[in-house]
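**Q** Structure for the following, please:
(one chain, ligands or ions: 2)
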Amino acid sequence: MALKNIRLEVMQTVEKKIDSYIDQYLIPVEEIWQPTDLLPDFQKENYMDEVIQLREEAKELGYDFWIVLVGDMVTEEALPTYESWLMDMEGVDQHGRNGWSKWIRHWTGEENRHGDTLNKYLYLSGRVNMREVEITTQHLINDGFEVGTGRDPYRNFIYTSFQELATNVSHNRVGKIAKKKGNKMLAKMCNIIAGDEMRHHLAYREFVKTIFEYDASEMMLAFQDMMQKKIIMPAQNLRQSGGKMASAFDDFSNAAQRLGVYTTFDYIDILEKLNAHWEISKISGLTDEAEKARDYLLKLPSRMMRIAERIKIPEDANRFKWVEPNGVV
Ligand SMILES: [Fe+2]
Ligand SMILES: [Fe+2]
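**A** Ligands and ions are numbered 1, 2, ... in the order given. Coordinates of the predicted model:
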């Protein structure tokens with residue numbers, strides 16, 4: 001029990017700085033972009049010109065691209081899962097409206113715009129079977145996720161530090177492909193969303209850095225534990241209509257690897273960046289167990305690299321109901 005109390009004390013200490021974190025890493029509602037800033041304006045006389053342009057540009061994008069964009073959008077649309085999971089963390093009091101619950105609400109408010117933007121884009125593009133996509137979203141929210149953090153804030157902040165950077169990388173890459181194929185509107189959407197993800201990453205990374213100052217050994221053990229479990233993607237349970245839970249995830253992930261949108265090498269790169277930023281190699285005064293955890297974390301990138309080089313990604317795209325005109329594969 002003593003350990004839990006220390007975690008709560010640390011959470012309460014860090015919480016005192018929440019307002020400054022919100023100022024530093026989030027953007028006030030009245031100033032931040034909204035989805036419609038990036039989409040055709042339907043109140044304009046010539047709204048149809050923009051829609052036609054969007055649809056014309058979308059014709060150049062390939063099968064894997066749509067799988068990845070749908071998967072990314074659905075991942076963003078499952079936001080209710082992530083908010084309810086974070087609200088349940090130790091140290092968060094949503095009824096007492098403490099600082100941590102405020103952070104989560106404000107973070108959710110920003111995140112909510114991502115799925116909204118991509119959903120509208122996909123709908124207007126005319127390239128995907130929207131009903132099939134919507135079924136997937138509803139399934140994913142129903143299926144929820146289990147990422148191995150429990151209610152522990154230390155493990156949760158490792159997860160979010162990692163995951164926000166992973167989404168930054170993938171949205172950025174999708175944007176680059178879109179730009180290369182002449183999709184200006186989509187490229188801009190992806191870049192701007194990626195920018196939000198980066199700010200969120202910097203915030204969660206800072207929370208962990210601060211916790212390292214107060215409770216280094218426990219933070220180190222939490223980091224090791226999450227990396228041993230592997231950082232599971234939030235869309236791990238992805239499925240299509242009629243499919244079993246999680247049955248679509250591997251095909252989605254393979255499409256992302258083939259396109260180079262998010263690969264095992266990115267995973268390793270993120271781990272190296274976190275090790276470097278938290279100065280894992282320099283943290284001292286650890287317990288014996290945490291010392292071992294630190295050695296594990298420092299060696300992990302090169303160990304993973306040897307494995308990653310041997311992994312073969314299937315060359316052919318699996319058919320997806322999302323992308324087929326009648327939703328039939
Ligand atoms: Fe997001
Ligand atoms: Fe995010």
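**Q** what sits against the residue in the chain that ligand 1 sits nearest to?
**A** Residue nearest to ligand 1 within the chain (C-beta to the ion): His114, separated by 3.8 Å. C-betas here are computed from N, CA, C, even on glycine. Contacts for His114 (C-beta atoms under 8 Å, 6 or more residues apart in numbering) come out as Glu76, Ile193, Asp196.
**Q** Other residues contacting the helix or strand containing Arg303?
**A** Using DSSP states H and E, Arg303 sits in helix 288-308. Residues outside helix 288-308 that contact it (C-beta under 8 Å, 6+ apart): 216-218, 220-221, 223-224, 227-228, 264-265, 267-268, 271-272, 275, 280-281, 283, 286.
**Q** Could I get the full set of strands for the stretch 51-200 of the chain?
**A** With DSSP state E, counting those that start in this stretch as the definition, the stretch 51-200 of the chain shows no strands.
**Q** Residue numbers of it in contact with ligand 2?
**A** The stretch 51-200 of the chain has residues Glu164, Thr167, Glu197, His200 near ligand 2, with proximity defined as C-beta under 5 Å from the ion.
**Q** Among the residues you listed, which lie within helices?
**A** Mapping those onto helices (DSSP state H) picks out Glu164, Thr167, Glu197, His200.
**Q** The protein: helices as residue ranges?
**A** Using DSSP H, helices in the chain cover 2-15, 18-25, 47-58, 63-77, 79-87, 99-125, 130-143, 153-180, 184-214, 216-229, 249-259, 264-277, 288-308.
**Q** Quick one: find the helix or strand in the protein with the lowest mean pLDDT.
**A** helix 2-15 (a mean of 85; mean pLDDT, DSSP states H and E).
**Q** Just the buried residues of that one, please?
**A** For helix 2-15, a neighbour-count test (16 or more other C-beta atoms under 10 Å) marks Arg7, Val10, Met11, Val14, Glu15 as buried.
**Q** got it, and stretch 118-133?
**A** So for stretch 118-133, counting by 16+ other C-beta under 10 Å, buried means 118-122, 124-125, 127-130, 132-133.
**Q** on that earlier part again, confidence score at the residue of the chain closest to ligand 1?
**A** pLDDT for His114: 98.
**Q** Quick check: it vs Leu186, distance?
**A** Distance from His114 to Leu186, counting by C-beta to C-beta, to the nearest Å: 13 Å.
**Q** Who are the packing partners of the least confident helix or strand of the chain?
**A** helix 99-125, helix 153-180, helix 184-214, helix 216-229 (3 or more C-beta pairs under 8 Å, 6 or more residues apart in numbering; DSSP states H and E).
**Q** what's next to it, contact-wise?
**A** For helix 2-15, contacts defined as C-beta under 8 Å, 6+ apart pick out 90-91, 98-100, 152-154, 207, 210-211, 214-215, 218.
**Q** and of the residues you listed, the nearest to ligand 2?
**A** Relative to ligand 2, the closest of the contacts of helix 2-15 is Phe207; by C-beta to the ion it sits at 14.3 Å.
**Q** what residues are up against that closest one?
**A** Val14, Tyr21, Phe157, Ser161.
**Q** how near is the third one to ligand 2?
**A** In this structure, Phe157 lies at 13 Å from ligand 2, with C-beta to the ion, to the nearest Å as the measure.
**Q** can you check the first one too?
**A** With the distance defined as C-beta to the ion, Val14 ends up 20 Å from ligand 2.
**Q** And the residue lying farthest from the centre of the chain, its phi and psi?
**A** Within the chain, Glu45 marks the point farthest from the mean C-alpha position, 36.9 Å out by C-alpha atoms, centre = their mean. Phi and psi for Glu45, reported as degrees, to the nearest 10, are phi -60, psi -40.
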